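Enquirer: What shape does this take:
(chains A and B)
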Amino acid sequence: MKKEKKYQVIWIIVMSLASLVMLVPIIMMFMTSFKTMAEIQSPVFHLLPEKFSLDNYRDAMTTGNWLVYFKNSLVITLTAVILSLLFNSIAGYAFARLRFRGAKIMFLFLMVGLMMPPQVTMLPTFLIMAQFPFAGGNNLFGTGGTGLINTYAGLVIPLVSGSYGVFLCKQFYENFPRSLDEAAEIDGANKWRTYFTIYLPNSKAILATLGLLKAVAVWNDYMWPLIMTNSENMRTVQLALTMFKTDSGIMWNQMMAGSVLVALPMFVLFLCAQRYFIQGIVTSGLK
Amino acid sequence: MNKSTSTKKRKNRYDGCAYVMIFPAYFIFTIFILVPIAVVFYYSITNFNMYTTPELVGLKNYINLFTDEDFLISIKNTLFYSIFTLFPQLALGLFVAVLLYRKSKLLPLFRTAFYIPNVMSMVCISMVWLWIFDPTFGVLNLILKTFGASTKMWLQDPDMAMFCVILMSIWKSCGYSMVIFLSGLTSIPDSLYEAASLDGGSAIQKFWYITWPMLRPTTFFLLVTGIVNSFSVFEQVNIMTNGGPLKRTTTIVHQIYRRGFLEFKMGYASAMSVILLAFSILVTILIFKYGSGGQDVDVS
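Expert: Residues are numbered from 1 along each chain as shown, chains lettered A, B, ... in the order given. Below you'll find the model as predicted:
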């Protein structure tokens, strides 16, 4: 028993040290965000800043139009999360509970999306968006205008797709008791009503998980906004962050302050809803 | 009476509204996953450049690819990155998961610490590491100086740049593998370990004969998704090094981005995308064929 206790103490010490090592870059980012440029350039390294001043945050947020960048990222993230949850869960319900011709093959086909990294299709997807008929001054054949480039629609729609979401919702709904459907049918509810009044309200756990994973993925996305936008009005926070890196030297303190602010929403989201996060990651690994 | 119920039943066998329900998800999937795959094959045999109408050029793009030094280097770099990121990251994730797996109230706390780099964006992380690696103001060189060691150029040194990118990527993603391995460990029944203890098995034997084989499906999953993801590495390269110095860190997707979106050689970049797609599919098939030995381990 005594030996067990000793192991426990050693375990706590070792794991605390390991966690600390993992967190060092993040702690340093946080500390540097309060330092002055002179402190950063000093030849001796101090972890703690001389004083915790918010000047860097003020300066970082006044270079460029950060209010617009945050608004863009927020709009894109919220729309993508809401639409993907609605579309994917209703498709998951159909695949789990309804009988229709070709259901099996269509579902298998959908799973191709699980294996496809977005980088492989970024170029053709971009071309499709640029040549989208009747958008951004395009004619029926997708020429003459800019299509969906530099629009919210262009930024959001490709991010709504989610084979993984459909897969997970299908799994989740298959575990619902069949008697629920039968009860609904006896009450005269059609499939739509069954979904909206029984299935949807009872799937908070899975929707929270999927929504969180989607929110982090969309908020953190860099590649798609990079190729889909070129105007400052449509810039997202991730793109704006890279603007601190110019050829004429980098204001490290402002860059770190910006990084903290951009990372903060996802940190808070993760810490508040860890349970759902871990659940989602784990189910994705155990399919 | 009997007949009418049976016809009613038959009528109910198929739910037509299912097609409407799956339509939005399927439509987006078709337009943004399936159609692009077809489109990229088509453009790869044209000389499309965004301004003129595309003309068919046959396999010219592909032939050019294999004499394009930048592209050949990018393939080499991508393979190098994949091997040296994936295996250390999996090993580290497994190692930490095995260490961490213990009945303790502190476990979620440690798990969070390891997972947190994963919820940060690649942009944020690249910025932080860009500063850490900075030759003049970076913390790494400051620490080296404090101990009187000679400083390094890190990301600006052609021989070290890729290792710096790899180090950062391992740091970011090992928490993900750890969480997945941890859940894999939870599903191994305690009775197996108890039986091994009764037989006098050592900790190493227990790992080798119980933990490792029982984790085969988990490892397999991480390997497949990891390879496909590391083949498409782009963000950290574009932000931290832009493929330099001396093209030592340029990757396949970085080349696609440069040729396609900066030089507008869409046809040529499409051919690269096809090669990347083929690579990803080939490796996945190979792993499924030769690596699925673990599938017969029944986790129950």
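Enquirer: can we go C-alpha only for contacts and neighbour counts from here?
Expert: OK.
Enquirer: Now do the contacts for residue 152.
Expert: Picked chain A for this. For A:Tyr152, the contact set (CA atoms under 8 Å, 6 or more residues apart in numbering or on different chains) comprises A:Ile76, A:Met234.
Enquirer: wait, chain B
Expert: B:Pro135, B:Asn141.
Enquirer: quick check, it in a helix?
Expert: No: counting by DSSP: H, G, I helix; E, B strand; the rest coil, one finds B:Lys152 to be coil, located in no helix.
Enquirer: and it, how far is that from chain A?
Expert: 15 Å (CA to the nearest CA, to the nearest Å).
Enquirer: Likewise for B:Ala25?
Expert: Noted for B:Ala25: a distance of 5 Å to chain A, by CA to the nearest CA.
Enquirer: Packing partners of the lowest-mean-pLDDT helix or strand in chain A?
Expert: The weakest-scoring helix or strand in chain A, judged by mean pLDDT, DSSP states H and E, is helix A:274-285 (a mean of 73). On a contact count with 3 or more CA pairs under 8 Å, 6 or more residues apart in numbering or on different chains; DSSP states H and E, helix A:274-285 meets helix A:204-219, helix B:161-186, helix B:216-231.
Enquirer: Would you convert those helices into a markdown table that also reports distance to A:Ile186?
Expert: Shown next, in a markdown table, are the helices and strands packed on helix A:274-285 (distance: least, CA to CA, whole Å):
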| stretch | distance to A:Ile186 |
| --- | --- |
| helix A:204-219 | 25 |
| helix B:161-186 | 41 |
| helix B:216-231 | 43 |
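Enquirer: Can you tell me which of these is nearest to A:Thr143?
Expert: Closest of these to A:Thr143 is helix A:204-219, at 28.9 Å (criterion: CA to CA).
Enquirer: next helix or strand past that closest one?
Expert: Sequence order places helix A:223-228 as the next helix or strand after helix A:204-219, per DSSP states H and E.
Enquirer: Buried residues in that following helix, which are they?
Expert: Neighbour counts over helix A:223-228 (16 or more other CA atoms under 10 Å in any protein chain shown) mark A:Met223, A:Trp224, A:Pro225, A:Ile227, A:Met228 as buried.
Enquirer: secondary structure class for the spatially closest residue to the third one that is not a sequence neighbour?
Expert: Leaving aside its sequence neighbours, A:Pro225 sits nearest to A:Leu155 (CA to CA, 6 or more residues apart in numbering or on different chains; 6.5 Å). For A:Leu155, the reduced secondary structure class is helix; criterion used: three-state DSSP.
Enquirer: close enough to count as contact, A:Leu155 and A:Ile76?
Expert: Yes: using CA atoms under 8 Å, A:Leu155 makes contact with A:Ile76 at a distance of 7.1 Å.
Enquirer: and those two? which has more neighbours close in?
Expert: It is A:Leu155, of A:Leu155 and A:Ile76, that has more neighbours when counted by other CA atoms under 10 Å in any protein chain shown, with 25 against 21.
Enquirer: Give the full set of residues in contact with B:Met266.
Expert: Counting by CA under 8 Å, 6+ apart, B:Met266 has contacts A:Leu123, B:Tyr43, B:Asn47, B:Phe48, B:Asn49, B:Met50, B:Arg259, B:Gly260.
Enquirer: Next, give phi and psi for B:Leu56.
Expert: phi -70, psi 130 (degrees, to the nearest 10).
Enquirer: ok, it - contacts?
Expert: Contact analysis of B:Leu56 by CA under 8 Å, 6+ apart lists B:Ile45, B:Thr46, B:Asn47.
Enquirer: Which per-residue confidence value corresponds to the last one?
Expert: What that stands for is B:Asn47. B:Asn47 is assigned 90 on the pLDDT scale.
Enquirer: If you drop the residues flanking it in sequence, what lies closest to it?
Expert: The shortest distance from B:Asn47 to any non-neighbouring residue, by CA to CA, 6+ apart, is to B:Gly267 (4.9 Å).
Enquirer: Repeat that for A:Ser73.
Expert: A:Ser73 sits nearest to A:Thr236 (CA to CA, 6+ apart), 5.1 Å away.
Enquirer: so what sits against both of A:Leu155 and A:Ile76?
Expert: With CA under 8 Å, 6+ apart, A:Leu155 and A:Ile76 have no common neighbours.
Enquirer: per-residue pLDDT, the residue nearest to B:Phe261 when sequence neighbours are not counted?
Expert: Nearest residue to B:Phe261, sequence neighbours excluded (CA to CA, 6+ apart): A:Ile227, at 7.2 Å. Looking at A:Ile227, its pLDDT stands at 91.
Enquirer: Return the residues of the stretch 101-250 of chain A in contact with chain B.
Expert: A:101, A:110, A:113, A:115-117, A:119-121, A:123-125, A:128, A:157-158, A:160-163, A:191, A:216, A:219-223, A:227, A:238, A:241-242 (CA under 8 Å from any CA of the partner chain).
Enquirer: Just the ones in strands from the residues you listed, please.
Expert: Among those, none falls in strands (DSSP state E).
Enquirer: Can you turn the buried part of those residues into a PyMOL selection?
Expert: Buried residues among those (16+ other CA under 10 Å), as a PyMOL selection:
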select buried, chain A and resi 110+113+115+116+117+119+120+121+123+124+125+128+157+158+160+161+162+163+191+216+219+220+221+222+223+227+238+241+242
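Enquirer: Filter the residues of the stretch 101-250 of chain A next to chain B down to the ones in helices?
Expert: Among those, the ones falling in helices (DSSP state H) are A:110, A:119-121, A:123-125, A:128, A:157-158, A:160, A:163, A:191, A:216, A:219, A:223, A:227, A:238, A:241-242.
Enquirer: quick revisit: how about a markdown table for the helices and strands packed on helix A:274-285, with distance to A:Gln254 and mean pLDDT added?
Expert: Shown next, in a markdown table, are the helices and strands packed on helix A:274-285 (distance: least, CA to CA, whole Å; pLDDT from 0 to 100):
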| stretch | distance to A:Gln254 | mean pLDDT |
| --- | --- | --- |
| helix A:204-219 | 20 | 89 |
| helix B:161-186 | 21 | 92 |
| helix B:216-231 | 31 | 86 |
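Enquirer: What segments of the stretch 1-150 of chain A are helices?
Expert: Under the criterion DSSP state H, counting those that start in this stretch, helices of the stretch 1-150 of chain A are mapped to A:2-32, A:37-41, A:55-62, A:66-97, A:103-110, A:118-130.
Enquirer: quick one: low-confidence ranges for the stretch 1-150 of chain B?
Expert: Low-confidence segments of the stretch 1-150 of chain B (pLDDT under 70): B:1-13.
Enquirer: ugh, typo on my part, it should be the stretch 201-300 of chain B
Expert: B:291-300.
Enquirer: how about the residues of it near chain A?
Expert: So the stretch 201-300 of chain B meets chain A at B:218, B:221-222, B:225, B:228-229, B:232, B:235, B:239, B:253, B:260-261, B:266, B:269-270, B:273-274, B:276-277 (CA under 8 Å from any CA).
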